[in-house]
Structures are given as C-alpha cells and as structure tokens.
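Student: fold the stuff below for me.
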Amino acid sequence: MKLCPVFLLACLHVAFAGCKHTPSDTIPVVPDTLRVDTIAPPPAPKPLLTAGDIEVKKELLYDKYTLEDTYPYKDTTRSFKWETIREKLAIVENMQRDTTEKWLVMQNYKNRNREAPVVRNYRRNSYGRVADTLGVERYQSVPLYLPEDTVTPERYGKDGTLAYHSGKEGSFIRIRPVEIEGEWLVPERYLKPLPDSTRFHHVIIVDRGDQNIATLERMAEGQWEVRSMNPCTTGRRLPPYAQPTPLGMYLLQEQKRRMVYLKDGSPDKGGFAPYASRFTNGAYIHGVPVNVPRTSEIEYSYSLGTTPRSHMCVRCATSHAGFIYGWAPVGQSLVIVIE
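Tutor: The predicted model follows:
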C-alpha cells in the first residue's frame, strides 16, 4: 500500500516537534522579586537592665551585728539605699554582657609604677598636693591622655578603676574606663590586664552617708543575694593623713591578713588592721584597728556606724572583715562607694 506524500510529511513534522529540548547551557532566570535571602539577620541586642530588673533577696552568710533596712540613729533614721544599690548592680550586669571585652585595672599604689606627670590644668589642694580640676590627686593616680595629645595628660584616673582594653598604640594603651566617658590613652605600665575569664559576681556596697556596708552575690542574670548588712566607719577629711573614702567603683586588688600602719607623720609603727582588703590607693576594708602596744585583735567598736573617722579606709567588725576576706575573691570582686 502506497502512502500519500502529504501524509508522510505531516508525520515527520509531528515527530520532530516532539523531540525539541532546551540546550544544556541555558539556565532559567529567576526574577529578583522572587529571590529569597537565606542569611538570617543578626539578633537584636538584648535591652540593658535597669534597677527595676534587679531582684535582691536576703540570704545572709554573715549574721552578726546585722542592721535592718531602716534603723534609728540618734534623732533620725538611716537605711540601706536599695534603689541606688539596684542601679549599681544593673551597671555591673550590663558592663559584663559582652564576654569578648578585655578588662584592665588602673594601678599606681604608692606611685609604684612611677609618679604621674602633671596634668594640663592642675591645682594644689589645702595641704600642697597636686590634683586635677575634678579633685583627683596626682599621688597614686594614673595619667589619662587625650588621643590627640600624648605629651601632657588631661586628667587623672584613680587607682583601682576598671577599663575596657581598646587596642595598643605604641607605648600607650587605648582604654574606655567604666566610669569616665570617652576613650583615653594611658602608658602601659599603669595598667594591669585581667584574665579573660574575669567575672564580677561579688559586690561590696559601702555607704559613706549612712555609714553602712552590704555584700551581695550574683546568682543569675538580674538575681542577687544579700550576704551581710552591717555598720561601718569610713574615712574622714583631716588632711594630709586622713581623707574621705572616695566615691566610685573599684576592683578589690589585694588582701593582707594584717595590714601594718604607721603613726601619722612618723616612721614608727602605729599598729595593725586585721583582715584588710584593698580597693583603691591606701583604702582598705578591714577590722577594728589595733594600736600599739596592744597585740590582740578587737572584735567590735562602739564607733562603727556612727561618723567617719578612719584614714580613707572602711572599718568593720573584725569578724565581718574576716568574712569579706574569705568570701570576696581578689581581682574578681567590686567595691562600690555610694553616698
């Protein structure tokens, strides 16, 4: 049987049409409006804690001579300023959020790292010592230079002050102090790096207005437990030897089982203070002083919790100072002085 030529041509046309294909090097183009970004955006930073986020619970570890939240004093009352304390604890929480930050502490106890240069604008106080315009004395302090001028320091930083390490520039370290705004340059010899593992879970609050002291321990984020609530005596202004305990936040830097002190204006030994924990300059938290010729320790003094009378130090009952001595780790505890 013969097939019609027209029919054959029609069959061939259908066969070739069924074999059409897309070339292997042709990739379909997806319109931009249909593309999906597979990279997740970074998480929003956690909001900073405020005083209202801080929970303070009383779980005393030292319970001798314990004061109430509010207590009588002469013809008035004194108290533990819990709102202010919560504000300070919120600062302590927030400054530790970035675990990549490297910590430094300013150090120049007894000018061991060299006397700081004179600042640009200085004054002499009533007993002849040089201080900056904010009243921070040159003696035992650290020079702070503006980044644009490393010849003359602008101001002084107190011994024991914490700062963030922001990089090295020649013989200087760029820092961001916790309680001083801006970035500053400091000669490396005045700064001690703290280990990367440093965390501040032990805080001692000294109130030089109401002459009391509280110790607090961090249990979890925003959760702190009160470990003691006691009377204390802070420094009085009687220059050149006695000075007020300075306000601010400081690192607990060293401890001495017995801190020997000299008689004012004399090289002779005046006595010792038991369980001494130093936080700035010559300021220690310690027990009741023992003046020569006595050699045995004194547990308590009627003057505790009354009026300032020490030489910058914070005086406590000796057993309370002993508690702090054993409870607060050196280099990982903070002393915060409020008013």
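Student: what's the single longest strand in the chain?
Tutor: For the chain, the longest strand by residue count, based on DSSP state E, is strand 269-280.
Student: gap between that one and the chain center?
Tutor: 23 Å (Cα atoms, centre = their mean, to the nearest Å).
Student: counting by contacts, list what it packs against.
Tutor: When contacts are defined as 3 or more Cβ pairs under 8 Å, 6 or more residues apart in numbering; DSSP states H and E, strand 269-280 packs onto strand 248-251, strand 254-262, strand 283-286, strand 290-291, helix 318-327, strand 333-338. Using the backbone N, CA and C atoms, a C-beta is placed for each residue, glycine as well.
Student: give me the contact list for the fourth one.
Tutor: By Cβ atoms under 8 Å, 6 or more residues apart in numbering, the surrounding residues in contact with strand 290-291 are Gly270, Gly271, Phe272, Ala273, Pro274, Ser296, Glu297, Ile298.
Student: quick check, distance from that strand to the centre of its chain.
Tutor: Averaging C-alpha positions (Cα atoms, centre = their mean) puts strand 290-291 33 Å from its chain's average.
Student: repeat for the last one
Tutor: Between the centre of strand 333-338 and the centre of its chain there are 8 Å (Cα atoms, centre = their mean).
Student: in this structure, which spans are helices?
Tutor: All helices of the chain, identified by DSSP state H, fall at 5-18, 82-94, 318-327.
Student: now do the residue positioned nearest the centre of the chain against His202, distance only.
Tutor: Centre of the chain computed as the mean C-alpha position; nearest residue by Cα atoms, centre = their mean is Leu162, 5.4 Å away. Leu162 sits 14 Å away from His202, going by Cβ to Cβ, to the nearest Å.
Student: and what of Thr233?
Tutor: 22 Å.
Student: for the nearest residue to Met249 once chain neighbours are set aside, name its beta-bridge partners.
Tutor: Among residues not flanking Met249 along the chain, Ile336 sits closest, at 4.9 Å (Cβ to Cβ, 6 or more residues apart in numbering). In this structure, Ile336 bridges to Ile205, Met249 when assessed by DSSP bridges.
Student: wait, isn't Ile336 in contact with Val203?
Tutor: Yes. Counting by Cβ atoms under 8 Å, Val203 is a contact partner of Ile336 at 6.3 Å.
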